[in-house]
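Q: predicted model, plus sequence, below.
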Amino acid sequence: MFARLWSGRSGVVVWSLTAPPHSTTTEQLPRVARCSVFTFPKRPWQKAEAHLALGEDKTRAHTERRKFRATTEQDLMDRSSAKTFLRRPATRRDFEIALICALPLEADAVDALFDHHWGDDDAPYDKAPGDPNAYSTGAIGRHNVVLAHMPAMGKANAAAVAANCRASFPNIKLAVVVGVCGAVPSSPDGDEILLGDVIICEGIVQYDFGRQLPGRFVRKDTLLDSFGKPDPEICALLAKLKGVRSRKTLQDKMASYLAAIQGKPGLDLAADYPGRAHDKLFVAAYNHVGSGTCQECGCNGPLVSRRRLGQDNLQPAIHFGLIASGDTVMKSAEDRDAIAQRENIVGFEMEGAGLWDSFPCVVVIKGVCDYADSHKTKVWQRYAAATAGACMRAFLDYWAPSVPLLPEQHGPWFLVPYPKNDMFTGRTSILEKLQQLFNSSSQSRIALFGLGGIGLVCSPTFLTYSNRYRKTQIALAYSYWLQEKYPEISVFWVHASNTERFRQAYASIAQECHVPGHDDPKIDVLLLVKKWLEGKDCGKWLMVIDNADNTQIFFSQPVKPTIAGESSPDGNLGRYLPECAHGAILVTTRNKQTGLRLTQGKVSIEIGRMDEEESGQLLRTTLNGVDATSAELSTLSSRLECLPLALVQATAFMQENTISAGDYLQLLNKSDQNLVDLLSEEFDTVGRDSGTPRAVAETWILSFEQIQQQNAFAGEILSLMSLFDRQAIPSEFLPRYKQHQRGDPSGRMQLTKALGVLKAFSFVTEDKDHNLDMHRLVQLVTRKWLINKGTMQRFTSQALLAVSQVYPYGNFENRTVCGAYLPHAQAVLGSKDTGSKDEGVARASLLSRVAGFFSYQGRWAEAETLQVQVVEARRKLLGDEHPDTLTSIHNLALTYRDQGRWTEAEILLVQVVEASKKLRGDEHPDILTSIHNLALTYRDQGRWTEAETLLVQVVEASKKLRGDEHPNTLININQLALTYGNQGRWAEAEILQLQVVEARRKLLGDEHPDILTSMHNLALTYRNQGRWAEAETLQVQVVEASKKLRGDEHPNTLININQLALTYGNQGRWAEAEILQLQVVEARRKLLGDEHPDILTSMHNLALTYRNQGRWAEAETLQVQVVEGSKKLLGDEHPNTLTGMHTLAFTWKSQGKFKDAL
């Protein structure tokens, strides 16, 4: 008749009825300060009650009580349920114990003692058809628990509850009615019964059941007239508990459990002992005088003296005896005493009679909340419910489930939760490595790590076979191979996604293998299984630790010595992995760091992406009935980057929606959002763990959350990186984010650790140049994660700021960095503007820098587009005359000038000059720069006089402002000299250029870039004067020095070589000129591409050399290319285009092609 424990399954059912019990009224005493205490022996919080009794500080007293209760509750849990891990019952049939409560406050007390609530983790159990009860499930001690709530009370309702319960939970063996009752002041043996005491019923007397005769009611005389005989097992256990030692132990346990209830939030004050002052027993003849509480009505009748209330060490006592049960509320002290004397009862309640014959065993445990008289009060109800619940928990500690003595079992054992997949293919090399696990004389440990969803399986019907499509699948294949090859080796599968699942797996091993001591509630099952596996009696074994992604549950706390019987803290489970030569451990994880620590730095195997052949095989096997060509399968593999879980998810979607592979590809190609949506589609697979996400997106998001918990900064870095281009992300971006966002310019170690976490989860990889790459699908899912969390806008802004701060202005020295950073700049610039001013300023700055790089590359149309955006943005954000706005207009003017659009350039430069003068005065350095560029624009238009006038002004002002030898002054003088040259005033130009050369040589030395520029310009002047030898001498010096200083392919070096070639041409040395010009063409083509303006200039000069050698065809070919390229790049009206057309026409004319020339 006892509840039986089969494979860790027994059960408890609890009902809660809403109507008040018969032993209560609507009276309610107000809460009053405690003037005496209901103490436990040698309890620390007694001194708190002593303070309170003496009228001292209530806060101090309450603090002492809370400290005691928290300590008591933790101690209680450590000594009880924390050592015993029960499996969740598989079905309703596995529950064998029912707890029945008539009031919600009674159910609160019972619920507070649950060690675990099954409904918190999984779906609730179903019910039998027509069952109106509501159930919640959990565990109490070594018994599984289900809590059911019902809307009514009384024996009739209790009987209905029982009937429905037996329909839904047909194997219940024990029902325990837990709640409050009214009590007889003294037991038949003369023991005082106080409020808060507990009564354990030895039998039910249904005092309102009998025969209605004319003029009188005759009750059935004996218990057997109305109910069957109490169960022998209950009688035997109650007889044991009535013994001196057992009763004392039962009361001590009840006291500890009571303290645990009182430590629960929400019950800490409500379940407190109301105080001796409220335990008043009036003489039976004195009735209540009003409709309110005794305090409100002023009840002052004679009281019965209570000896126990004077004791110093007062505890709730446990009484055994008969209880009267009926639908009548007992509120008459005289009738109470008469029935008690006649029936030898100790209490009155309302539910037991409805349940007595419904279950094999029934026990009624009630806390005394009143004396069943007219002076009823609700003040004691919560405390009485708490003492009853505590006594129930203590009683269940004695209720030993009956388990038949099974024959001793010996291994091997094969505890693997998934069936074999006969169609598994691929990953042969990895399986071969795993097959060497037992070849070592010491323990072998190995980890499989890689991106979630990266494993490989091939099954013809993914709805029939075990398809987990991850590292788990490889471990599963190996486990079945091991069973077939070496059947004497045991295999144990341990789910490690969280602490509870790890404990559950160990408990399962203990129970299934009948490990000695597994049924001891005080044993630490983790330590028990570890030691058992380390012993040689269990033979050779393999343990698969699956989904061990979270390092913290294994290693987050320092290792401390374990006292016998103590459980490990949740963050230190790694110490429970057995270590011995006859066992091997295989870990599957997304986190390489976790894998390395669990395997103690031994072998780790990365599960990389499938190749095209493997992914094609997977698709062909799973695409039953779906139309698909080889080309479509190849494209689908590429689009989903050969990720197995994504591929199988795609085939599931196609089959479920009856679409072809081509239709699916159209959905994928429509937008990135479509791709993310498809990756988020769930699909069913038999054998896939119920706690594992069933979609690629959810699989990775689970990993993102784990990363966020493990290393919050790593989560931020992942979020930030997802908004850059996914390839070759410069590591330099990340310190800028850390410095800007966290105000921490240092912390390289913190950044290294954060990146280590991301690399461990295979979400990013790092190349030899420390650039980072992100999987494309991971990038898209990360962005979805940010949207779901509401942090997309924040990280979009931070990504823009990070790139803006490190992107340099485009020139030769920065060309490599600008090119490497450009995809990331374009990625962040393509994001939606959040409207923030700071972000707007940063966006304009980055646009300006990228435009500068485009200008350097000769991509003037693209540069113009960006610069127009910069001007508009800065005008809006900063105003028309802000210095940054004027700089933007100035840069746009230079781009117009580069395109030969001199009029437009002139208009903008005039605006800048006028605004700058108004803002800063006539002689500000920036004003001089703008006037200088305006002068060059005039010169480009052939307006030499105007250019000269402005340059003379600039030179004079610069000398006055900066000095005669300031670098900017020398630049102005040099440009004035070139203007003289444009006018054929070579002697004046030479004088100025010699001044510049001497000044720069004095200031900068012989090999500074600026001195080389000055010598180059002076050589041009010599050449234009026909002084070829002097020009050549200077140019040879400049070329050699520039090669040494800047390199052979620097733009300025190439300009110097080109001018030397022209000087050779001036001297008729065409062969030497051709050699140099070919060098320039090839270098510029390599550096700038085929369509840069500079390459067109070089080709034009080479064509002239061919023409001067009479090589008309070669000259013509080049010149046609130059004209076409110039038209395309610069436009039909650009001066360079017109020059090229003129030269081509001359070549045609020289060949007699007069029609073409015209």
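A: It's in.
Q: and the closest residue to residue 1092 other than its chain neighbours, backbone torsions?
A: Once flanking residues are discounted, residue 1092 sits nearest to residue 858: 4.0 Å by Cβ to Cβ, 6 or more residues apart in numbering. Every residue, glycine included, has its C-beta placed from N, CA and C. When read as degrees, to the nearest 10, the backbone of residue 858 gives phi 80, psi 10.
Q: residue 858 against residue 1093, yeah?
A: Yes. Between residue 858 and residue 1093 a contact is recorded at 4.8 Å, counting by Cβ atoms under 8 Å.
Q: can you pull the residues that touch both of these two?
A: Residues touching both residue 858 and residue 1093 (Cβ atoms under 8 Å, 6 or more residues apart in numbering): 898, 1129.
Q: center of this structure, which residue is that?
A: Nearest to the geometric centre of the chain sits residue 705, at 1.4 Å (Cα atoms, centre = their mean).
Q: host element of it?
A: Residue 705 belongs to helix 696-710 when assigned by DSSP states H and E.
Q: list the buried residues in the helix or strand following that helix.
A: Using DSSP H and E, the helix or strand that follows helix 696-710 in sequence is helix 712-721. Neighbour counts over helix 712-721 (16 or more other Cβ atoms under 10 Å) mark 713, 714, 715, 716, 717, 718, 719, 720, 721 as buried.
Q: contacts for helix 712-721?
A: Here helix 712-721 has contacts from 704, 707-708, 729, 733-734, 737-738, 741, 750-751, 753-755, 757-758, 763-764, 772, 774, 779, 782, 785-786, 791, 795, 798-799, 802, using Cβ under 8 Å, 6+ apart.
Q: go with 7 Å
A: By Cβ atoms under 7 Å, 6 or more residues apart in numbering, the residues outside helix 712-721 that reach it are 704, 707-708, 729, 734, 737, 750, 754-755, 757-758, 763-764, 772, 774, 782, 786, 791, 795, 798-799, 802.
Q: who's in contact with residue 117?
A: 136, 138.
Q: got the phi and psi for it?
A: Per degrees, to the nearest 10, the backbone of residue 117 is at phi -110, psi 110.
Q: ok, what's across the strand from it?
A: residue 138 (DSSP bridges).
Q: ok, now how distant is it from residue 365?
A: According to Cβ to Cβ, to the nearest Å, residue 117 and residue 365 sit 22 Å apart.
Q: ok, residue 866 - contacts?
A: So residue 866 contacts 847, 850, 851, 854 (Cβ under 7 Å, 6+ apart).
Q: residue 1123 sits in which helix or strand?
A: Judged by DSSP H and E, residue 1123 forms part of helix 1112-1130.
Q: actually residue 500, sorry about that
A: Using DSSP H and E, residue 500 falls in helix 499-512.
Q: does anything pack onto that helix? Which helices or strands?
A: Using 3 or more Cβ pairs under 7 Å, 6 or more residues apart in numbering; DSSP states H and E as the contact criterion, the elements in contact with helix 499-512 are strand 414-415, strand 490-495, helix 525-534.
Q: beta partners of residue 587?
A: So, taking DSSP bridges as the rule, residue 587 has residue 447, residue 545 as bridge partners.
Q: quick check: closest non-adjacent residue to residue 879.
A: Closest to residue 879 by Cβ to Cβ, 6+ apart is residue 885, at 6.5 Å.
Q: got the angle between the helix or strand containing the one you found and helix 1112-1130?
A: Residue 885 belongs to helix 883-898 when assigned by DSSP H and E. Inter-element angle recorded for helix 883-898 and helix 1112-1130: 150 degrees (by axes from the mean of the first three to the mean of the last three Cα atoms, to 10 degrees).
Q: quick one, domains of the protein?
A: 13-398, 414-469+476-490+500-550+565-606, 634-684, 695-806, 809-908 (automatic domain parsing).
Q: weakest of those in terms of mean pLDDT?
A: Lowest mean pLDDT of the domains of the chain: domain 634-684, a mean of 69.
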